[in-house]
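>>> just coords:
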């Protein structure tokens with residue numbers, strides 16, 4: 001198991017450019033975010049949805065943790081197989097879904113505020129989307 005993890009890290013570090021490293025880093029951070037949703041999640045999740053903390057319960061927190069973990073796995077594959085057209089697109093779409101979710105919670109449902117709990121997901125999703133959009137041809141050999 002440990003050798004497998006070292007092999008993954010070495011593979012990502014050997015990848016050209018910084019995008020695969022970024023995707024890997026975000027995946028690792030997301031693993032910890034997912035675990036905290038199951039272990040002690042309500043308080044931290046309430047910070048993201050700061051305008052509606054009473055709507056966060058154990059079930060919604062575990063669901064958010066599961067959703068985050070699925071996105072984490074997609075992004076982990078994106079960091080390893082950045083040159084694969086379909087995986088690149090799927091990774092990109094995972095950030096589109098995240099941005100749509102958080103954007104709708106901010107604008108439509110008004111459960112989020114532009115505060116430090118919300119800014120992390122907003123910055124990660126917009127930065128990743130812009131970076132992936134601009135670098136697709138470099139990594140996959142084909143344009144949008």
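Good, I have the coordinates. Note that this is a predicted model, so its numbers are computed, not measured.
>>> do I have it right that residue 26 meets residue 131?
No: counting by CB atoms under 8 Å, residue 26 stays clear of residue 131, with 11.0 Å between them. The way it works is simple: take the backbone N, C-alpha and C, and place the C-beta from them, glycine included.
>>> between these two, point out the one with more neighbours.
Legend: neighbour count by other CB atoms under 10 Å for residue 26 and residue 131, higher for residue 26 (22 against 17).
>>> if I pick that one, what's in contact with it?
72, 75, 124, 128 (CB atoms under 8 Å, 6 or more residues apart in numbering).
>>> need the residues you listed in CSV with secondary structure and distance to residue 93, can you?
Shown next, in CSV, are those (DSSP: H, G, I helix; E, B strand; the rest coil; distance: CB to CB, whole Å):
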residue, secondary structure, distance to residue 93
72, helix, 14
75, helix, 11
124, helix, 15
128, helix, 11
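>>> any chance of a markdown table for the residues you listed, columns neighbour count, distance to residue 48 and pLDDT?
Formatted as a markdown table, the contacts of residue 26 follow (neighbours: other CB atoms under 10 Å; distance: CB to CB, whole Å; pLDDT from 0 to 100):
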| residue | neighbour count | distance to residue 48 | pLDDT |
| --- | --- | --- | --- |
| 72 | 20 | 16 | 96 |
| 75 | 24 | 18 | 97 |
| 124 | 19 | 12 | 96 |
| 128 | 23 | 17 | 98 |
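>>> tell me which of those is nearest to residue 36?
Comparing the contacts of residue 26 against residue 36 with CB to CB places residue 72 closest, at 12.7 Å.
>>> got a list of what the closest residue in space to that closest one that isn't next to it in sequence touches?
Using CB to CB, 6 or more residues apart in numbering and skipping the chain neighbours, the partner closest in space to residue 72 is residue 30 (3.7 Å). Residue 30 makes contacts with 68, 69, 71, 72, 75, as judged by CB under 8 Å, 6+ apart.
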